[in-house]
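Participant: Predicted model and sequence follow; I will ask about them next.
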Amino acid sequence: MENTPPIDPLAGLACPIPHSEYSTVLLAHGGGGKLTQQLIQKMFVSQFDNALLAPLHDGAVFTAGGARLAFSTDTYVVHPIFFPGGDIGELAVNGTVNDLAMCGAVPQYLSSAFIIEEGLPMGELWRVVLSMKSAARAAGVTLVTGDTKVVDRGKGDRLFINTSGIGVIAPGIDINPRNARPGDAIILSGPIAVHGIAIMSVREGLEFDTQIASDTAPLHDLAARILRADPGVHVMRDPTRGGIASALNEIAGSSRTGMALVEEAIPLTEDVRGACEILGLDPLYVASEGKMLAVVAGPSAQRVLSAMRSHPFGKDAAIIGKVVADHPGVVVMKSSIGGTRVVDMLSGEQLPRIC
Amino acid sequence: MKYIDEYRDRRAAESYAAAIRSAATRPWTIMEICGGQTHTIVKYGIESLLPPEITLVHGPGCPVCVTPLAIIDKAIAIASLPGVIFTSFGDMLRVPGSSKDLLTVKAERGTVRMVYSPLDAVKIAEQNPDKKVVFFGVGFETTAPANAMSVWQAKRLGLRNFSLLCSHVLVPPAMDALLSSPASTIQGFLAAGHVCTVMGYEEYLPLAQRYHVPIVVTGFEPVDILQGISMTVRQLEEGRTEVENQYARSVRREGNRAARKLLEEVFEVTDRQWRGIGTIPRSGYRLREEYAAFDAERIFDVSGISAQESPLCIAGVILQGLKKPHECSAFGSRCTPEHPLGAPMVSSEGACAAYYHYGQFRPAPAVLES
Amino acid sequence: MCLAIPGKVLQIERGTTPLMGEVSFGGIQKRICLEWIPEVTVGQYVIVHVGFAISTVDEKEALETLKLFEEIGQADEESPEG
């Protein structure tokens, strides 16, 4: 399956394209797992490498004019654009708000760029805009700049939205995936896999007759509560594409620690579980949108857990495992019957199966 | 969830593991021939609960893995044609053909759509009368009735634009072929519980007698498998060679009569090629003459496709249970789920993918290419 | 092969061809083909594969199996290895 990339005779002294076994970009490259990582490393990081990009955290953190800022961007291409529990607009606002919050920042200003497919009904665009307005208000952010483009019919899957955002980080806060340490507790704010199943349930071929609503939510307030309970929190991360498995693998890789999870401790609702069982999906790899992981030093765990549980978006929070010194970079899980297995990084797209 | 959780009960699992440990007095080799069972065994680490006397081997229980390369290439050729909507279960989309897979065809602007049920493919045909809708009918006997129903339904609705690309394989002939091979080390069998839910288990009685092997029809949850292994070991220790039914909550001796009747009406038994193993006589289904109008191989001119297997892939040996995935020199290095050399690494049920994914056998990171 | 899981029959659409019904899997509902288990009643559990029910769950057999689990658990406790 080797494909030699074509050499551009006009490139002159330009760098040759990095070797890849894929001559075209696949959907799997956007899946949030190994292929996404490879694409980012080989194509983007290799060319734009700098100290601020390197951590590849949810946002970049830097000092400008004396203020410590977090800067993040997120693009939403979800299909369908309206789904149970939300729409692309709400996701776009919450997505960037959450990325900033995971850096320990108070999100303040957002930009929004729209790529609209010719033919999108005005009424639908209006619905999305109103959704964004309401989400921005709930998150305490102001939309201060934006851009609008319209593309030919057939070239844009109705609507794509990019949001970028800036937030301010209080002094003394240092949140980074590198900070996880053996002995840390891994806390999850609530049931996983809800958003991914909500989307799948309205996708053709996989329809369910029951409504599962997306869990999209702004997490800035929950994150702030965690910081008040433990200003020294090590890592915060909202697991989106690729699920908690991918997020934890990334943190384990960045911090060179191992992680040990307990399957029975991971919150999962019955209906989401049922959907995963029918489709043969592993919920650890299915996206959430209003959930977060907090990795905190052992002694702070109970305090942080109580703080999370006192918040509406954290009421089902649970400690799902701990950080260990063994098997650095690898996440393992004790299954319900007592055996242990590795929780690998997602490879490609997780597809529903019949076998 | 009811009828699932009870069979994932830790205490029951530990008790059966203990029972197996105390029952086994000498080495026994047991094969399971169902990808779903392979998946459970590796995912729950069941082999680590068994005593060293018991060796589990994984047979060709993954219909995706045994689908001949030529048929995958045919699927890709059909999917690439203009005016065709190619539909398939998710499992087949990433299986590599000679040069690409169905997902790549999708990336290159072919129309490939994933469906959960074959009836969804029929619905797509109804909704797109100007397109030719093809459904990739892969599977064992468990899926065959569903695929048969799609063709039966299409005929009943008078659809002229629906066809089935059929690659069905049957389990008992494969078991026969494996057991009759001089290289076989198999002493006991776990029969696939859902295949038997459809077909019953009468076909296994002559197999047990001819080859003197106990066969236990087994379910898919970890405690089902441990109970199935325990029943097999007990038979082996007692010198019995019977067919027993561990999965009695779903399997009846005669299977599902209505489903079998539909199979008889739509399909006929034929010789089939099993990837990595070769042709096994009377081991597959093809559409009967009355349904020729729904046979994709007849509608689309896809003869003359020959396929090139990777010389490095030892899928055949893996599928016959003669080697374990981590004993392959390409495992985890040149062959990974991101760039698989053969089907057992791509299909989530394939032994190689299961071993890789659940990680116990991956080579140390230093060995992997960056 | 093969991914098939138990679900509870909530509703049967009598008179449809093929026979269809609504089945619940832990709260999530899907329309499933019941053509091969025409004797099924609402409230029964069925085993479902790719949108088709391939058997009804035999409650009696299920309970028997669970009873065996109990017995093996007790035998395990009583044995010297236990």
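Facilitator: Received, thanks.
Participant: Using the three-state scheme, assign the residue nearest to B:A79 when sequence neighbours are not counted.
Facilitator: Spatially, and ignoring its direct neighbours in sequence, B:A79 is nearest to B:F86 (3.6 Å; C-beta to C-beta, 6 or more residues apart in numbering or on different chains). Every residue, glycine included, has its C-beta placed from N, CA and C. Following DSSP: H, G, I helix; E, B strand; the rest coil, B:F86 is assigned to strand.
Participant: quick one, what contacts B:F86?
Facilitator: B:A75, B:I78, B:A79, B:L102, B:V105, B:G110, B:T111, B:V112, B:R113, B:V134, B:F136 (C-beta atoms under 8 Å, 6 or more residues apart in numbering or on different chains).
Participant: Among those, which are located in helices?
Facilitator: B:A75, B:I78, B:A79, B:L102, B:V105 (DSSP state H).
Participant: Can you tell me how far the second one is from B:R160?
Facilitator: Read that as B:I78. 17 Å (C-beta to C-beta, to the nearest Å).
Participant: got it, and the third one?
Facilitator: Between B:A79 and B:R160 the distance is 20 Å, computed by C-beta to C-beta.
Participant: The two: which is more packed in?
Facilitator: For B:A79 versus B:R160, neighbours defined as other C-beta atoms under 10 Å in any protein chain shown are more numerous around B:A79 (23 against 12).
Participant: from memory that one sits against B:L102, does it?
Facilitator: Yes. If you go by C-beta atoms under 8 Å, B:A79 and B:L102 touch, sitting 6.0 Å apart.
Participant: what touches both of those two?
Facilitator: When C-beta under 8 Å, 6+ apart defines a contact, the residues bordering B:A79 and B:L102 alike are B:F86, B:V112.
Participant: Get me the contact residues on the stretch 51-200 of chain B for chain A.
Facilitator: For the stretch 51-200 of chain B, the residues in contact with chain A (C-beta under 8 Å from any C-beta of the partner chain) are B:62-64, B:89-91, B:93-94, B:96, B:99-100, B:103-104, B:106-108, B:113-116, B:120, B:139, B:143.
Participant: how about a cut-off of 10 Å?
Facilitator: Counting by C-beta under 10 Å from any C-beta of the partner chain, the residues of the stretch 51-200 of chain B close to chain A are B:61-65, B:87, B:89-94, B:96-101, B:103-104, B:106-108, B:113-118, B:120-121, B:123-124, B:138-140, B:142-143, B:146, B:194.
Participant: What segments of the chain are strands?
Facilitator: By default, I'm working from chain A. Under the criterion DSSP state E, chain A contains strands at A:60-64, A:67-76, A:82-83, A:86-87, A:105-117, A:142-151, A:159-169, A:185-188, A:235-237, A:258-262, A:293-296, A:318-324, A:331-334, A:340-342.
Participant: Actually, chain C is the one I wanted.
Facilitator: C:5-13, C:20-25, C:28-33, C:45-49, C:52-56.
Participant: Is stretch A:178-191 in proximity to chain B?
Facilitator: No. Stretch A:178-191 stays out of contact with chain B when judged by C-beta under 10 Å from any C-beta, the minimum separation being 14.9 Å.
Participant: What are the buried residues along the worst-scoring helix or strand of chain C on mean pLDDT?
Facilitator: Lowest on mean pLDDT, DSSP states H and E among the helices and strands of chain C sits helix C:59-78, with a mean of 81. Neighbour-count burial for helix C:59-78 flags C:E61, C:A62, C:T65, C:L66, C:L68, C:F69, C:I72, C:G73, C:D76 (criterion: 16 or more other C-beta atoms under 10 Å in any protein chain shown).
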